[in-house]
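**Q** sequence below, structure please.
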Amino acid sequence: MQKSSLLEVAYLERRDDLRRFFLARLGGGGDVEDLVQELYFKVRAAASDEIDNPRAYLYRLASNLMLDRLRQAKRAGVRETEWRRANHAVVGTLDVADTPDAESVVIARQRLEKLSLALTSLSPVTQKVFRLHKFEGLTHAETASLMGISRSAVEKHVSLALSHLLTRVGR
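**A** Residues are numbered from 1 along each chain as shown. The predicted structure is shown next:
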């Protein structure tokens, strides 16, 4: 059996006092028991034979542990706030997620697959014109210049592609 260190003995003698120490500073949260247990692990790991005042060292460990936990909670709160600010909108007093629900995502993916398949049935020139204009965001004039065709031809290819996709995929 392992011999208990002076620091461990001080911990065991003051365990209830340490619980009250944490309770007084943190309130009645569930963290108190976790902190008391985590403090015990720190005490067990410490080389306490060289500690002059085990009781003072024990309370210093407890204070540092509690401050670390409070800092972690504060950082987590900041991260949560930033995440909410980036991913949620506020409508009145309600916090609404900006992301679509799972069903909408599946439906959108299925429509995209149908759209991609329908695009492959168009001529290569019409496909390229449509992709440059609709997916790459080029204007009719930029698409015409890049492909070496007239602006009117670009408009016709885009119109043909759109009517084909509406027929094949629908709204």
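
**Q** which strands or helices does the longest helix seen in the chain pack on?
**A** Counting by DSSP state H, the longest helix found in the chain is helix 54-87. Here helix 54-87 touches helix 6-26, helix 31-45, going by 3 or more C-beta pairs under 8 Å, 6 or more residues apart in numbering; DSSP states H and E. Placement of C-beta: from N, CA and C, glycine included.

**Q** any idea how far Leu94 is from the most centrally placed residue in the chain?
**A** Centroid-nearest residue in the chain: Trp83, 6.5 Å away (criterion: C-alpha atoms, centre = their mean). Look at Trp83 and Leu94: by C-beta to C-beta, to the nearest Å, they are 17 Å apart.

**Q** residues in contact with Ser123?
**A** Applying C-beta atoms under 8 Å, 6 or more residues apart in numbering to Ser123 gives no contacts.

**Q** which residues does the residue of the chain most remote from its centre contact?
**A** What lies farthest from the middle of the chain is Ser150; by C-alpha atoms, centre = their mean that is 47.3 Å. Shown in contact with Ser150 (C-beta under 8 Å, 6+ apart): Ala144.

**Q** which stretches of this protein aren't confidently modelled?
**A** 1-4, 29-30, 47-49, 95, 97-98, 171 (pLDDT under 70).

**Q** domain parsing of it, as residue ranges.
**A** Per automatic domain parsing, the structural domains of the chain span 6-94, 102-169.

**Q** circling back to that earlier point, right, and the helix or strand after the longest helix of the chain?
**A** Under the assignment DSSP states H and E, the closest C-terminal helix or strand after helix 54-87 is strand 88-91.

**Q** how far does that next one sit from its chain's centre?
**A** 17 Å (C-alpha atoms, centre = their mean, to the nearest Å).

**Q** returning to that earlier point: the longest helix of the chain: which residues count as buried?
**A** Within helix 54-87, the residues scored as buried using 16 or more other C-beta atoms under 10 Å are Pro54, Tyr57, Leu58, Tyr59, Leu61, Ala62, Leu65, Met66, Arg69.

**Q** repeat for stretch 31-39
**A** For stretch 31-39, by 16+ other C-beta under 10 Å, it's Asp31, Val32, Leu35, Val36, Glu38, Leu39.

**Q** doesn't Met66 make contact with the fifth one?
**A** Put plainly, it is Glu38. No: Glu38 is beyond contact range of Met66, at 9.9 Å (criterion: C-beta atoms under 8 Å).

**Q** what separates the residue nearest to Val90 when sequence neighbours are not counted from Ser104, distance-wise?
**A** Nearest residue to Val90 in three dimensions, chain neighbours excluded: Val96, at 7.2 Å (C-beta to C-beta, 6 or more residues apart in numbering). Distance, Val96 to Ser104, using C-beta to C-beta: 14 Å.
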